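Peer 1: Model the structure of this input:
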Amino acid sequence: MGRRSERLSRQGALAGEAGEGDVIQVVSRAFDVLRCFEGHDSRLGNLEISNRCGLPRSTVSRLTHTLTRMGQLVYLPRDQKYRIGPSAVAMSASMMKGAQLRSMIRQRLQEVAEQLPGTVGFVVPDRFHLVYLQFARSASALGLHEGTGSRISMASTAAGAAYTAALAPEFGDAFIAEMEREAPEAAKILKPRIEANRQSLRERGYVVACGLWSPHINGLAVPIWSPQYQTFVVITIGLLSAMYDEQRLHDEVAPLMLTLGRSLGSLMEGAEGDVFSNRISRKPVAMAVHNNNKPINSEGVNELEAGTRRARPARSLRAGDGRR
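Peer 2: Numbering: from 1, shown residues only. I've put the predicted structure just below:
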């Protein structure tokens, strides 16, 4: 089997995890609980957690008790609430050890940010959202001020549009079906646009979203396959719509973002297996091939999708954020 077939095969197997019988619900729900804590200082009681993740309060009570025993949460008697515990913080820190790689990624984001008055971000999927791992903006940036750790909607952003468009159709459709069950309002926004987004990605190598997240913000995003995360990551930029209409995104912003995508794709391929390595491979990445008239290499697209499902530590679709 070739590399592409192997990845598609793995993607299919992972999609099966999102199926029914083989999902360990208690693990899935534990991750649902942890996702409710958006920041290190966030403090929540069982009722608030129950409301946020849609689980019965009795179930939440058992889960928070177990997670507290494991050090993932800490109970604050005075407030009668919980916050993220030391074990969760340590786990997060260990996942972010590749300081050198992150620094190089941020440097490349900054190079683009210095040429455009917007925020350039490097985001990874998390359920029906995406999380900023790195960002950069120039001193003249206007309108959008997301930062590391910020969560953005999968359904109403250019980054979410690019991520879902990069998935193989069968897995992208399954993801949207899961979203319809768990986040129906979000699905109503994303579903009607999925085919147009896929076409844009095939033909141009990127996806745009104008006025969707905010009438004042237009965005453009490029998905990239990440060997480190075994899923698609996305580079995205948000700009004031009054300054950058859709045509200007295509003409002026897209070339810079596609070049950035190729650069980061090579960077991450070169760092595969060792994020501390100084070696930066200059091999071209299949996904980033775009020349306005050339469609994206289909193998590269499927390759990206393939890993997407792997990124879900907890469960695939439902608890795992539905990443294919």
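Peer 1: contacting residues around the residue of the chain positioned farthest from its centre?
Peer 2: In the chain, the residue that sits farthest from the middle, by CA atoms, centre = their mean, is Arg78; the gap is 35.9 Å. Contact analysis of Arg78 by CB atoms under 8 Å, 6 or more residues apart in numbering lists nothing. All C-beta atoms are positioned from the backbone trio N, CA, C, and that covers glycine.
Peer 1: how much space between it and Val234?
Peer 2: Computed as CB to CB, to the nearest Å, the Arg78 to Val234 distance reads 41 Å.
Peer 1: same check, this time on Val222
Peer 2: 7 Å.
Peer 1: Now for the two: what residues contact both?
Peer 2: Shared contacts of Val222 and Val234, defined by CB under 8 Å, 6+ apart, are found at Ala162.
Peer 1: If you count surrounding residues, which of those two has more?
Peer 2: Val222 (30 against 27; other CB atoms under 10 Å).
Peer 1: Surely that one is in a strand?
Peer 2: Yes: counting by DSSP: H, G, I helix; E, B strand; the rest coil, Val222 falls inside a strand.
Peer 1: What's opposite it in the beta bridge?
Peer 2: Counting by DSSP bridges, Val222 is bridged to Ile235.
Peer 1: ok, it to Ile189 distance?
Peer 2: Counting by CB to CB - Val222 and Ile189 are separated by 21 Å.
Peer 1: and stretch 75-84, what's its mean pLDDT?
Peer 2: Over the span of stretch 75-84, the pLDDT mean works out to 90.
Peer 1: oh sorry, the question was meant for stretch 109-120
Peer 2: 92.
Peer 1: Okay, helices next: where are they in the stretch 51-200 of the chain?
Peer 2: For the stretch 51-200 of the chain, the helices defined by DSSP state H, counting those that start in this stretch cover 57-69, 86-95, 99-113, 158-166, 169-182, 184-190, 194-204.
Peer 1: Make CSV out of the ones you listed and add mean neighbour count.
Peer 2: CSV is the format used below for these (neighbours: other CB atoms under 10 Å):
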stretch, mean neighbour count
helix 57-69, 17
helix 86-95, 12
helix 99-113, 17
helix 158-166, 30
helix 169-182, 19
helix 184-190, 17
helix 194-204, 17
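Peer 1: between those, which gets nearest to Ser263?
Peer 2: Ser263 lies closest to helix 99-113 among these, at 5.4 Å (CB to CB).
Peer 1: quick revisit: least confident of the helices of the stretch 51-200 of the chain, on average?
Peer 2: helix 86-95 (a mean of 67).
Peer 1: tell me the domain boundaries of the chain?
Peer 2: The chain breaks down by the TED database into domains covering 25-91, 97-276.
Peer 1: ok, back up a step: tabulate the helices of the stretch 51-200 of the chain (a markdown table), appending distance to Ala242.
Peer 2: Shown next, in a markdown table, are these (distance: least, CB to CB, whole Å):
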| stretch | distance to Ala242 |
| --- | --- |
| helix 57-69 | 44 |
| helix 86-95 | 38 |
| helix 99-113 | 19 |
| helix 158-166 | 17 |
| helix 169-182 | 31 |
| helix 184-190 | 23 |
| helix 194-204 | 23 |
